[in-house]
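*Asks:* Predicted model and sequence below, questions to follow.
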Amino acid sequence: MKKNKSICFLVNGNYKIGLGHVYRCLTISTESNKRGVSTFFIIPNIPVLKNFLTVNKAEFKTVENVVWENPKLHKTEFAKHLLNVDIVLLDLLEEQFFKFYFLSKINIKIASIISFYYSEDNRYEDICFFPGIEVKEKLFIQNKNNKTKLLSGPKYLTFRKEFCKKFEKEFNEEVPEILITMGGTDAFGFSLIAVKSLLDLDIDYKATIIMGAGALTLDEVNELVFKKPNIKIESNVNNIAQLMHSSTIALINGGLTRYELAITGTPFIALSIHDIQYKITERITSVVGGVNLGVVEDIKKEDITYAVKKLILDIEKRKLISYKLQELIDSEGTERILNCLESL
């Protein structure tokens, strides 16, 4: 990317949707800075989001929530922030993404990263990254407003530095280690559901539950695992990649965690919030033979217990899943994205 170019990230994160979008953009921002590109974020005025970016020493500007929710009515304020910016990159949910259509009228290059494949109607960005397992055959999204270049598939998955190395999985564990990671905020209480299922497990195991201090069911989970020496809760994990790699299996909700586990070679059992999330996870598990239990409201506690025990005891299946996961994904996605942005 040419020197002195600037990238602005328009991104959101909160207790309900988590911080996955922000983590992804922060990874791209960090690598951009190494290339001599200046970056900053525009975010809504949300404390957890501001604290996260502050801790990670990222430059950001905030707009009041009423401005964020109705950007078209306040487009002059956004335009003011985007002076001298070469590229604006949006990592937003679909509804919010289309609210920023007015950016197409500003003399600026626009990129997007999407987790769900948005409707093709009214697309307005110059380039769209759709990271995941699915590879779209079309190279462009053509519509009445624009011709958007589409880059999809696992080649555009981004990973933090700690994941960018070769992980050699071992399968000679004496006591299986189960990781439960449902996002720091765990807004839907999946950790509590997972822990209850583990308490019925009739084999020896150890478990680590990752829960942020603000997780909604933290007190309930603490009460359940009190005096359970084989189960611990971790709120501040310094090296999540190593913890994932050392785990026998993981119980997850979805999101970017699926791909982080894939690159560490760790088989996972997924619970989904809704059908859309289930279908995204199914694209991975159908290829590697993993376990995608379904939408959580349709899953019984004993279904989770059974799936955990079955996967732990089937070492050959875990070896095959691990091999296929690591064969599927590499850690070069951030570099590929930056190379594409450089060509805009």
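*Replies:* Right, received. Where do you want to start? Numbers count the residues shown, from 1 in each chain.

*Asks:* Tell me the buried residues in stretch 271-290?
*Replies:* Judged by neighbour count using 16 or more other Cβ atoms under 10 Å, the buried positions of stretch 271-290 are 271, 272, 273, 277, 278, 280, 281, 282, 284, 285, 288, 290. Backbone N, C-alpha and C define where each C-beta goes, glycine included.

*Asks:* What lies in contact with it?
*Replies:* With Cβ atoms under 8 Å, 6 or more residues apart in numbering as the contact definition, stretch 271-290 has outside contacts at 115-116, 132-134, 188, 190, 193-194, 251-254, 258, 262, 267-270, 291-296, 299, 304, 317, 320-321, 324-325, 328.

*Asks:* can you give me the strands for the stretch 201-344 of the chain?
*Replies:* Along the stretch 201-344 of the chain, counting by DSSP state E, counting those that start in this stretch, strands occupy 206-210, 231-234, 249-252, 268-272, 291-295.

*Asks:* What average pLDDT does the third one get?
*Replies:* Per-residue pLDDT values over strand 249-252 give a mean of 96.

*Asks:* Now do that strand: which elements does it pack against?
*Replies:* strand 177-181, helix 257-264, strand 268-272, helix 301-313 (3 or more Cβ pairs under 8 Å, 6 or more residues apart in numbering; DSSP states H and E).

*Asks:* Between strand 291-295 and the second one, find me the angle.
*Replies:* For helix 257-264 against strand 291-295, the angle between stretch directions is 180 degrees (axes from the mean of the first three to the mean of the last three Cα atoms, to 10 degrees).

*Asks:* what distance separates the start and the end of stretch 168-181?
*Replies:* Its first and final residues considered, stretch 168-181 spans 21 Å by Cα to Cα, to the nearest Å.

*Asks:* And it, what's buried?
*Replies:* Those would be 169, 176, 177, 178, 179, 180, 181, for stretch 168-181 by 16+ other Cβ under 10 Å.

*Asks:* and the residue lying closest to residue 18 once chain neighbours are set aside, helix, strand or coil?
*Replies:* Excluding its sequence neighbours, the residue lying closest to residue 18 (Cβ to Cβ, 6 or more residues apart in numbering) is residue 183, at 4.5 Å. With DSSP: H, G, I helix; E, B strand; the rest coil as the basis, residue 183 sits in coil.

*Asks:* okay, the helices and strands packed on strand 249-252 in TSV with mean pLDDT next?
*Replies:* Shown next, in TSV, are those (pLDDT from 0 to 100):
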stretch	mean pLDDT
strand 177-181	96
helix 257-264	93
strand 268-272	94
helix 301-313	96
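
*Asks:* Sheet partners, orientation included, of the helix or strand bottoming out on mean pLDDT in the chain?
*Replies:* None of the helices or strands of the chain scores lower by mean pLDDT, DSSP states H and E than strand 140-142, at a mean of 83. Note on strand 140-142: by DSSP bridges, its sheet partners are strand 147-153 (antiparallel).

*Asks:* So what's the gap between the partner strand and the chain middle?
*Replies:* The chain centroid and the centroid of strand 147-153 are separated by 19 Å under Cα atoms, centre = their mean, to the nearest Å.
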